[in-house]
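# sequence plus the predicted model coming up.
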Amino acid sequence: MRYDGTARRSQKANPSLLDKVWNFFSSVKIAVYIIAITLLASALGTVYPQENTFLDMDPSTFYKTTYGTLGELYYVLGLSHTFSSWWFITLLFMIGTSLVICSLDRVLPLYRALSKQQLRKHPQFLIRQRVTYTGDLLAGAGTGAGQVEAATGTSVSLSKTEAFAAGESPAPGAAASTAAEWLTGAAAFLRKKHYRVHTEDTALLAEKYRFSRWGPYINHIGLIIFLLGVLMRSIPGWHMDQYIGFPEGAIKQIPDTSYYLQNEKFTVELYSNQELSDEFRQKGQVVPKTYETRAVLYHCTADCDDPTKQPVLEKVHEADIFVNKPLDYKGLKAYQFDFKQAPLLISVQPTLKNKTTGESYGSFELPMTNPQDQYTVGPYMLKLKGYFPEFGLDDKGQPSSLSNEPKAPAFIFNISGPGLAEGGEPYLYFPRQIDKETFRQDEINGAIGQKLELSVGSMEGVKFSTYTSYLNIRVDKAMPYIWVGAAISMIGLIMGFYWQHRRIWLRIDAGRLTLGAHTNKNWFGLRNETAAMLAKTGIEVAPKSLEQGGKMA
Amino acid sequence: MNVHSVSSTFLLIAFAVYILAFFLFVVSITGKRWSNRKPEEHTRNWSRVAFGTAVVGFICQVAYFFTRWYTGGHIPTANMYEFMTFLGMMIMCAFLIVYLIYRAPVLGVFALPIGFIIIAYASVFPNEVQPLIPALQSYWLKIHVTTAASGEAFFAVGFAGGLMYLMRTVDFSNNSKAGKRERRGVEFTLFIILMLIAFIGSIFTFHATGYQAVFAKTVTTTDAQGAAQTTEQSETYVLPPIVQPHGTSVVAMKPFLGIDKPLFEAPSWMEGASAGRKLNTVLWSLLIGLVLYVVLRLIARKPLGAVIGPVVQGMDPEDLDEISYRAIAIGYPVFTLGALIFAMIWAQEAWGRFWGWDPKEVWALITWLFYAVFLHLRLSRGWQGKRSAWLSVIGFLVVMFTLVGVNLVIAGLHSYAGV
């Protein structure tokens, strides 16, 4: 019925290997299995949080310690990264393949079947339809309601065959003109109901909303474009996703790009106690009302990759970044992700002094990111030998940095000048007083520490940030394809679900009407429309009695 | 009387009116056989009144919705209480639409209870207006949540249709193997509904009596620097503890029926957040649900499906099949738009990724895939009638898990909507 007998590629005899693959993916049954397996796999993937929901976590021990034996099993089976596993991606690929092949296999035969339709159907075909009717036409019926006398009585409650048997066969000549008249009446009514009506002699085909048959295919095309869009994100340069913390004031490079971003100011506003609900108040929860990063985006124009020089930056964009309102510059987006209240040094202005005389030689600005290689203070030359943003000692007792954030910055200078050894002497400098004491700066520096001192006289000259704003920096060039795919898919769904292809065939043979009607959804509507048409042309019949019931052939 | 309490009053009125409408629908069908009346006329008149009543209830709830919007300053779909009442409202709306198409009074008998049970369920959650966290401050909160809920509401009506179909067609005197299985399936579905009622009822009862039990345990964690830290974790129960969280000690517990300490301790592998309390709640729901079921069975002296069955006997099974399918067919595109496409657009705007495999997202996808399977089986494989009805029943259970289960059991980015 669906393709009116038109052959599909998947129904070939003697299939080759390619045909067999084609047949496999063209089967709706297989498609349903693939979808069902994907569904179950997805459900399993939500049992415990996936690995990518945590930062800095060792999955091999995390799942066991947090969720016990079941958690360990979850990790061992690879379910802790379900959605990036090869088998899950294979499932998605199979869904995509199935979408392509199922659609191709069906859409052309359907097109052929619908564009060349047979008007006069075999009576057997008509009475096999779920909505069907057979009965005799009476002379005079068809010109409108009113002349229904005998016909009404027989058709309403009796079964169709009985109605047909009870009716009297009119004379052949009269029958022909009755038939033509009746058909005109029926066609007029159906046209009013927006059907396209084709007639041929004493046969009629009325059809409407054929376009809804294309709905599923349009939906599938949309889904294919969507999935292709998702695939395209793996093209190099099409997709970038990084989480970077920007302390207030500091200009930081966005890795792998020639852009630099500065968090000029970060502000957070909390809900006042009156605005909070009792529940939150009881828990003593602090709920942010809004937070924003005033951001400036710079583009590097020269000396970008030269570590010995300061890059030349040009300001290209400025934006206030809120949650739900990202910065957007030529496809580079920065989303407000999180923030942390953690005071970090941005720069200090230490003074070099003679410890015995108290004489000051001058001061210089020392930034915590990208400090210069050397500084000249009075007669002294300070060469930077090492910088540790977060100072610590490694397994071998060697100084190392635990992170790139200036949480406990330490500088090793080689100072040369009057009263110092030829070639200079090493000097370790901790800008923060607490680190200076913890790591015993003076003891480490030894002799030079007795002669010279680097220190910050007052808080003046010390720059630090109160907040670090975490931004999610993204580039996603495939997004337009994804949205277009989703839109097409949606159009297809609406076409397919909110309209139904309805066809009514009828033929009149020697004064006897045989009618069959078909739709792919909403039989209720089709039944009512058919019954209304019959009523208009003089045959009163309960809509429900038109339905044979049972499944379609 | 301020606007906020007016708003709550409207919801209370709506709830009562829905229940009244439900009984009117029941009478419109069961009263047919009363003496001195024509059956068709009786059903027509009573169902007309019942429908009108349901419309009045709906209008009251719409009034609740907009007055709460006015007082709260943001659309009331931002926490579990607000979302569930909104879902209830949309179920009523979907019911009214499907009713206008098919004019089947029986639909009221099945769809209305789903609506008001959902609203009753909403009141288990704290009903205060909460301030919006920055992630929710977007006009997509209005668009995404409302369309998603509308789609789900049609699935709820599809569920009602499927349940009606099963009540109509499952033969409760058939003792063959298949017949018994079907019967058990129907009884199980009804039992789940009773369990939900039991859950709502028990939370209400113990809340009203002010019951509380507190447990605590010390947890030792190792932080990034390798230093061990101990913290005190406490857990408060609203329901009397049948089972206490693993490894905890009782801090305070009111005796219940003379029992002054928990009967069991949760097994050690249940270590997730609040696992013990959740297990306790599930046990209570099971227990009271079971008691309710047994009591009802004893009163009826036959399977509950057989008690409800006669209500739908006048209906044509194929019509029920179509009502169920049609509701799902109307809901599917709406659900796709609201729960997936709009969700993706918002996620792209707020979090910078349209899809992140967050549990709520995954479960919305699972719901979508489930109904995709349903539609393919129905349209291409001829799964109609009973099989289709079972799928529409299971489908709504998947919807409910997505809405409730994920928040309570799994949580994730959407956990702000939880209790």
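Okay, I see it.

# now do the helices in chain B.
B:3-30, B:39-72, B:80-102, B:106-122, B:140-169, B:177-209, B:275-300, B:304-308, B:317-335, B:343-351, B:359-381, B:386-400 (DSSP state H).

# which one of those helices lies nearest to A:Arg503?
helix B:359-381 (16.6 Å; C-beta to C-beta). (C-beta placed from N, C-alpha, C; glycine too.)

# which residues of the stretch 51-200 of chain A lie near chain B?
A:52-53, A:56, A:66-70, A:83 (C-beta under 8 Å from any C-beta of the partner chain).

# out of those residues, which are buried?
A:67-68, A:70, A:83 (16 or more other C-beta atoms under 10 Å in any protein chain shown).

# show me the residues you listed that map onto helices.
A:67-68, A:70.

# can you redo the residues you listed as JSON lines with pLDDT?
JSON lines is the format used below for these (pLDDT from 0 to 100):
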{"residue": "A:Tyr67", "pLDDT": "75"}
{"residue": "A:Gly68", "pLDDT": "75"}
{"residue": "A:Leu70", "pLDDT": "81"}
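
# and which of those is nearest chain B?
Of all those, A:Gly68 has the smallest distance to chain B: 4.2 Å, by C-beta to the nearest C-beta.

# now find how far off-centre the helix or strand A:Val230 falls within is within its chain.
Element membership for A:Val230, per DSSP states H and E: helix A:215-232. Relative to its chain's centre, helix A:215-232 lies at 13 Å (C-alpha atoms, centre = their mean, to the nearest Å).

# specify the angle between it and helix B:343-351 in degrees.
30 degrees (axes from the mean of the first three to the mean of the last three C-alpha atoms, to 10 degrees).

# hmm, who's touching helix A:215-232?
Contacts of helix A:215-232 with the rest of the structure, by C-beta atoms under 8 Å, 6 or more residues apart in numbering or on different chains, involve A:92, A:95-96, A:99-100, A:102-103, A:106-107, A:238, A:477-482, A:484-497, A:499.

# could you identify the buried members of these?
A:95-96, A:99-100, A:102-103, A:106-107, A:478-479, A:481-482, A:485-486, A:488-497, A:499.

# list the contacts of residue 375.
All of this refers to chain A. Per C-beta under 8 Å, 6+ apart, neighbours of A:Tyr375: A:364, A:366, A:381-382, A:384.

# chain B is the one I meant
B:328-329, B:332.

# leaving out sequence neighbours, find the closest residue to B:Gly405.
B:Trp363 (7.9 Å; C-beta to C-beta, 6 or more residues apart in numbering or on different chains).

# what's the neighbour count on the one you found?
Number of residues near B:Trp363 (other C-beta atoms under 10 Å in any protein chain shown) recorded here: 24.

# isn't it right up against A:Thr46?
Yes: between B:Trp363 and A:Thr46 there is a contact at 6.6 Å, judged by C-beta atoms under 8 Å.

# please identify the buried residues of the helix holding A:Val230?
A:215-227, A:229-230, A:232.

# any regions of the stretch 201-350 of chain B where pLDDT drops low?
B:219-229, B:268-274 (pLDDT under 70).

# again, only using 90
In the predicted model, the stretch 201-350 of chain B carries pLDDT under 90 at residues B:201-288, B:300-320, B:322, B:347-350.

# same check on the stretch 201-350 of chain A?
Looking at the stretch 201-350 of chain A by pLDDT under 90, you get A:201-203, A:230-258, A:262-293, A:300-315, A:319, A:322-326, A:329-333, A:335-350.

# near chain B, which residues of it show up?
A:241, A:271, A:275-280, A:287-291, A:322-326, A:333, A:335-337.

# ok, now with 6 Å
By the rule C-beta under 6 Å from any C-beta of the partner chain, the part of the stretch 201-350 of chain A lying against chain B is A:271, A:275, A:277, A:279, A:287, A:290, A:323-324, A:335.
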